[in-house]
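In: Output the structure for:
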Amino acid sequence: LILGALLVPFTSNFIRTILLLVLPVLTFSQILVLGLGSWGHVEIMGMNMVLTHIDPLSRVFGLIFTVAAFAGILYSLHVKDTQQQMATLIYAGAAIAAVFAGDLITLFSYWEVTAISSVFLIWASRTERSFHAGMRYLIIQVTSGVLLLCGVVLYLGETGSIAFTAMPFGTLASWFFLIAFGIKAAFPLLHNWVQDSYPEATVTGTVILSAFTTKLAIYALARAFQGVDLLIWIGAVMVIFPIVHATLENDLRRTIAYSMNSQQGFMVIGIGIGTEMALNGVAAHATISILYTCLLFMATGAVLYRTGTAKISELGAIHKSMPATAFLAIVGSLIIIAFPLTGAFASKSLILSAALGEKMIVIWLVMLFAAIAVIDNVGLKIPYFGFFGKDDGTRYEEAPFHMLLAMAFLGSLGI
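Out: The predicted model follows:
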């Protein structure tokens, strides 16, 4: 994906479209062909680096990242902006490479590449607001990388190893890692960059951004800190605090951003519980979360693309102009509220059951409350206020076919 991005400026029209769509398919195939194991063992200055390590946990995240990359590229086929296309490929490739990093130096390297490449999706809007939002985003993401590097240096001094594996919690190095991962995971008080930057990206850029950064952090937490009790309480706060904001927000994309933050809390709780059932729930819910979050951002992005706004107060009976988009938005809403027979119904149930299995009744009640609240602040709000408002007689075109195809692809996987 990263090398393919370098070919983009030298292609055009049909050839570029084929290149963009084929690259994530080849990546998906390569992950399956490689199977499980380690590759790229390199020793530098006495440090043993493992450039690629694939195990069941990393493979789950790597595969869903390639699926999200393919869907995001399909959704954005109308975009002719070389900058956005290159940034998308490099960003997706770096996120996948980071997931498969077997050592902390490799993780840090790709961690920073995700930050630098993704900011161009925000700047691609080419507005003053997007420029300032992008600068704030970049500062925060690079700060996360600096903290991660500090943690690597301290961890090397403490253990003599740079292996990216489960870590003892409580050391100075572990706190640096936790804060670095927490920034990208949008922990409470470290979360505002999500709502600040995602809605300022382009219509397609927001979709791409929603798939990788925060889920990469979830993977890093699951790899390093499974079973750390502190994460249970951090996750509990995460699932609750965005609810009011999501309910009151007027902008559809900001509403989804707040809700995405809440859903991350389920995963953080599962990592903190640390049992096999909980971690299976984390991997499953991260997978499903990428599908429905991208789907909802796609649906609201299609509305923005056709109407020029994503504000509830400015929208009307969009379903009459864009019935297919409205239907797919409803599908995404059903998935996020964990409607029976959808993927999220199973993934959330795993985490809730894990909490009950460990007799964490308070945490179970917190998650149950958040699961019910999302019905109101997203499940009903997005389709009803976004697509079934008062009819003022204005009509728009339906979303382009490639957008609908990308949404249908993700919706079918989520169900």
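
In: rest of the way, CA atoms for contacts and neighbours
Out: OK.

In: does the spatially closest residue to Ile232 that is not a sequence neighbour count as helix, strand or coil?
Out: Distances taken as C-alpha to C-alpha, 6 or more residues apart in numbering place Ile269 nearest to Ile232, at 4.3 Å, with adjacent residues excluded. Secondary structure assignment for Ile269 (DSSP: H, G, I helix; E, B strand; the rest coil): helix.

In: Report how many residues lie close to Ile269.
Out: A total of 34 residues lie near Ile269 under the criterion other C-alpha atoms under 10 Å.

In: Gln30 too?
Out: 11.

In: same question, Phe131
Out: By other C-alpha under 10 Å, neighbour count at Phe131 equals 20.

In: these two touch, right, it and Ile122?
Out: Yes - taking contacts as C-alpha atoms under 8 Å, Phe131 lies within contact range of Ile122: 7.4 Å.

In: Tell me how far stretch 37-50 lies from the chain's centre.
Out: 29 Å (C-alpha atoms, centre = their mean, to the nearest Å).

In: how long is that stretch end to end?
Out: End-to-end distance for stretch 37-50: 11 Å, by C-alpha to C-alpha, to the nearest Å.

In: Residues touching that stretch, excluding its own?
Out: 51-55, 101-103, 105-106, 161-163 (C-alpha atoms under 8 Å, 6 or more residues apart in numbering).

In: for the record, mean pLDDT for that stretch?
Out: In this model, stretch 37-50 has a mean pLDDT of 89.

In: just stretch 377-387 next, same as before
Out: Stretch 377-387 comes out with an average pLDDT of 86.

In: remind me which residues of the chain are low pLDDT?
Out: Residue ranges of the chain with pLDDT under 70: none are present.

In: In terms of helices and strands, where is the residue sitting nearest the centre point of the chain?
Out: Per C-alpha atoms, centre = their mean, the C-alpha nearest to the average position across the chain is that of Ala211, at 3.1 Å. Element membership of Ala211 [criterion: DSSP states H and E] is helix 203-224.

In: now, which of the contacts of stretch 37-50 lie within helices?
Out: Among these, the residues falling in helices (DSSP state H) are Ile105, Thr106.

In: Export the contacts of stretch 37-50 as JSON lines, with columns for distance to Asn192.
Out: Converted to JSON lines, the contacts of stretch 37-50 look like this (distance: C-alpha to C-alpha, whole Å):
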{"residue": "Leu51", "distance to Asn192": "32"}
{"residue": "Thr52", "distance to Asn192": "32"}
{"residue": "His53", "distance to Asn192": "32"}
{"residue": "Ile54", "distance to Asn192": "32"}
{"residue": "Asp55", "distance to Asn192": "33"}
{"residue": "Ala101", "distance to Asn192": "28"}
{"residue": "Gly102", "distance to Asn192": "30"}
{"residue": "Asp103", "distance to Asn192": "29"}
{"residue": "Ile105", "distance to Asn192": "28"}
{"residue": "Thr106", "distance to Asn192": "27"}
{"residue": "Ser161", "distance to Asn192": "34"}
{"residue": "Ile162", "distance to Asn192": "31"}
{"residue": "Ala163", "distance to Asn192": "31"}
